[in-house]
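[1] take this sequence and fold it.
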Amino acid sequence: MLFTMAYGIFVEMKSPMSTCTLNRHHLYELNYAGNHENIRLEVLLNALSNGQAEAFKGFAEQCMTEYDLDGWTAPDLITPDDINLHMQRFKKHEQA
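    Residues are numbered from 1 along each chain as shown. Take a look at the predicted model:
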C-alpha cells in the first residue's frame with residue numbers, strides 16, 4: 001500500500017498511477033489556488049505576520065530620504081548633471 005499526505009491527512013493510494021495523479025493535482029492547487037489579487041494579498045499578510053512588512057517600509061523610507069526634487073542628498077550618491085551631455089547642450093541653448 002502507498003500512503004501520501006494530502007491536505008494535512010494521510011490518504012491510502014491503491015496504485016502508482018493514482019499517486020501521480022494526486023501529486024499533479026496537488027501541484028495544480030498550489031499554483032492556481034487563487035486569483036492574482038489573492039496571491040498578492042497572501043504575500044502581504046505573510047509579511048505582516050512575520051514582521052517583514054515593517055522592514056520593507058523602513059527600507060523604502062530610507063531610500064526616499066536619500067533623494068529629493070533636486071537629486072540625491074546622500075554624500076555617497078551623485079547626480080550626474082556635470083557629465084550629462086544632453087543637459088549641457090540644453091543649458092547652452094537656454095543661455096543663447
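[2] who's in contact with Asn50?
    Listed by Cβ atoms under 8 Å, 6 or more residues apart in numbering, Asn50 has no contact partners. No exception for glycine: its C-beta is placed from N, CA and C like everyone else's.
[3] where do the helices sit along this protein?
    Taking DSSP state H as the test, the helices found in the chain are 16-32, 36-50, 52-65, 85-95.
[4] dump the shortest one to CSV, restricted to CA.
    Same thing as helix 85-95. Presented in CSV, the C-alpha positions along helix 85-95 are these (Å, rounded to 0.1, in the frame of the first residue of the first chain):
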residue,chain,number,x,y,z
LEU,A,85,25.8,65.7,-22.3
HIS,A,86,22.1,66.3,-23.0
MET,A,87,21.7,68.6,-20.1
GLN,A,88,24.9,70.6,-21.0
ARG,A,89,23.5,71.1,-24.6
PHE,A,90,20.1,72.1,-23.2
LYS,A,91,21.7,74.7,-20.8
LYS,A,92,23.8,76.1,-23.7
HIS,A,93,20.6,76.6,-25.8
GLU,A,94,18.8,78.2,-22.9
GLN,A,95,21.6,80.7,-22.3
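[5] as a whole number, average confidence for it?
    For helix 85-95, the mean pLDDT works out to 77.
[6] over to stretch 39-52?
    Per-residue pLDDT over stretch 39-52 has a mean of 87.
[7] looking at the helices of the chain, spot the one closest to Trp72.
    Smallest distance to Trp72 across the helices of the chain (Cβ to Cβ): 10.7 Å, for helix 52-65.
[8] and the angle from the closest one to helix 36-50?
    Angle, helix 52-65 to helix 36-50, by axes from the mean of the first three to the mean of the last three Cα atoms, to 10 degrees: 100 degrees.
[9] what comes into contact with helix 52-65?
    By Cβ under 8 Å, 6+ apart, the list of residues contacting helix 52-65 from outside reads 44, 46-47, 73.
[10] look at Ala47 and say how many residues are nearby.
    The number of residues packed near Ala47 is 15, by other Cβ atoms under 10 Å.
[11] what sits against Leu44?
    Neighbour list for Leu44: Ala53 [criterion: Cβ under 8 Å, 6+ apart].
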